[in-house]
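[1] Below: sequence and its predicted model.
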Amino acid sequence: MEELDILKKDWNKNRDNFPKVSEREIYAMLHKKSSTTVKWILIISILEFVFWGIITLSNLLFGSREIKAPLFVTIMDYVNYVIIIGFMILFYLNYRRITTEKPVKELMATIIDVRKIVRAYVIYNIIIISASMFSGLYMFMVSDSPHTHDIYVTIFSVIAIALIIMLLVLIYRLLYGRLLKKLNKNYNELKKIKF
């Protein structure tokens, strides 16, 4: 159970036997928890960027030379990395915003901004990863490989891609969903503060 919940329980049980905690102290706790959560969002996004960068690099170095990606796919790869870096910059800027002490309403507004950006980031990543896998399957199917016209290979590939996408959605929900829940809880607690 988190420290704020313990404090609330203690207040409700016996208010006279426990030290009084001011709204300013509660705000300080919520502020610290919120900045820590946003820091973790930034760290996870950087690790994710490095992970996908390693996969892309290994595909370039050790991937099949028979299947050449069309120019638009290569351009989209670069555009994708620019967009991901843009998201990381937004995470960093919001982390900087949230670490400086500010009025409750500004902190709440920052939390709302972070939640919107994280949701957009997750949706964008799932769409891009799905599109990349299906375009990879398409490039494989139109190549001259002897297995490309086998219906069973196609069906198996589509099922495998769908399973991978579902796994990614689950991972994103576990990672970012948990962090967003913490931010949402902090936001709701901040709404109760009257200063």
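    Nice, I can see it.
[2] Do a quick rundown of the helices in the protein.
    3-13, 23-62, 71-99, 104-142, 151-172, 178-191 (DSSP state H).
[3] With mean neighbour count and mean pLDDT as extra columns, can I get the ones you listed in a markdown table?
    To be clear about C-beta, it is placed using only N, CA and C from the backbone, and glycine gets the same treatment. Output for those, formatted as a markdown table (neighbours: other CB atoms under 10 Å; pLDDT from 0 to 100):
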| stretch | mean neighbour count | mean pLDDT |
| --- | --- | --- |
| helix 3-13 | 12 | 64 |
| helix 23-62 | 15 | 84 |
| helix 71-99 | 15 | 86 |
| helix 104-142 | 16 | 87 |
| helix 151-172 | 13 | 90 |
| helix 178-191 | 16 | 89 |
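[4] Look up how far residue 92 lies from the residue nearest to residue 80 when sequence neighbours are not counted.
    Once flanking residues are discounted, residue 80 sits nearest to residue 128: 5.6 Å by CB to CB, 6 or more residues apart in numbering. Between residue 128 and residue 92 the computed distance is 21 Å (CB to CB, to the nearest Å).
[5] ok so, going back, can I assume the residue nearest to residue 80 is in contact with residue 81?
    No: using CB atoms under 8 Å, residue 128 is not in contact with residue 81; the gap is 10.4 Å.
[6] Residue 177 versus residue 107, what's the distance?
    On the measure of CB to CB, residue 107 and residue 177 end up 21 Å apart.
[7] now swap in residue 115 and tell me
    Residue 115 is 11 Å from residue 177, where distance means CB to CB.
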